[in-house]
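Student: With the input below, show me the fold.
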Amino acid sequence: MPDVAVWILVVIAGSVALGALVQSVVGLGLGLVAAPVVTLLAPELMPGSLLLLGMTLPLLTLARERRDVDWGGFGWAMPGRVLGTVAGAWVVATVSARDLGVAVGLVVLLAVALTARAITVPITRTSLGVAGFVSGVAATTSAIGGPPMALLYQHRPARQVRSTLAVYFVVGSALSLVTLAVAGELPTEQLAVGAVMVPLLFLGAAVGERLRPHLPAARFRALVLAVSAVSAVVLVVRSLA
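Tutor: Numbers count the residues shown, from 1 in each chain. The predicted structure follows:
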């Protein structure tokens, strides 16, 4: 385990549980909620710890809703994801911790903006490839790869959105982890902290499952986006300072 203060680990654990709750309700959110917190308090744990968690949580969704996956769209997005993952690994290997903090904050703000606006983007081979590439870069550098794909699928049935994003997160996060490991940019401490946080991940997901039928999705989504935006702004300001 890395030399991280207990209170920091507790705060990170809380952000992971909250992010898992959000993702179980709306289909994404673990990275949006937890990545700014982890990067702000313990940047040495990024991005591997959250990528491991981001690969684990969607397995719960796939256990229930795997029949709703859009396999055709997934297939067209993955080549872009592979290229984006390689580009993201290069970024992690070359930029400083300060610049990476700024990058994570800006990625969160961009993701919040894209998620908040009701933009309709047609699902085509080209849009899937572009979304896959952008997602690969963002996920490998900041563990936030969901918004580009969520933007494409936002008008599809909720079960298809959750299941398609879930299989994309599982395969994409695994690809990012392997690529970072090959590049020598995946310290074992990141994986250790991610593994320790798995029970909190399942706890947040279980609470989210119970709350999902009773939560006003639009209002809850707006609150999550606001919290994520504030965290990202704090992260950018601290990194620049």
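Student: Leu62 against Val171, yeah?
Tutor: No. In this structure Leu62 lies outside contact range of Val171 using Cβ atoms under 8 Å: 10.7 Å. Heads up, the C-betas are built off the backbone N, CA and C, glycines and all.
Student: what is in contact with these two at once?
Tutor: Residues within reach of Leu62 and of Val171 at once, by Cβ atoms under 8 Å, 6 or more residues apart in numbering: there are none.
Student: Let me know the secondary structure of the closest residue to Tyr153 other than its chain neighbours.
Tutor: Nearest residue to Tyr153 in three dimensions, chain neighbours excluded: Val161, at 4.8 Å (Cβ to Cβ, 6 or more residues apart in numbering). Using DSSP: H, G, I helix; E, B strand; the rest coil, the secondary structure recorded for Val161 is helix.
Student: cool, and Asp3?
Tutor: For Asp3, the assignment made with three-state DSSP gives coil.
Student: what pLDDT does it get?
Tutor: pLDDT, the model's per-residue confidence, is 75 for Asp3.
Student: Next: Val236.
Tutor: At Val236, the pLDDT value in this model is 79.
Student: was I right about it contacting Leu106?
Tutor: Yes. The pair Val236 / Leu106 is scored as a contact, 6.6 Å apart, by Cβ under 8 Å.
Student: The two: which is more packed in?
Tutor: Set side by side, Val236 and Leu106 give different neighbour counts by other Cβ atoms under 10 Å, the larger being at Val236 (20 against 15).
Student: Figure out the helix or strand that that one lives in.
Tutor: Counting by DSSP states H and E, the secondary-structure element that holds Val236 is helix 217-240.
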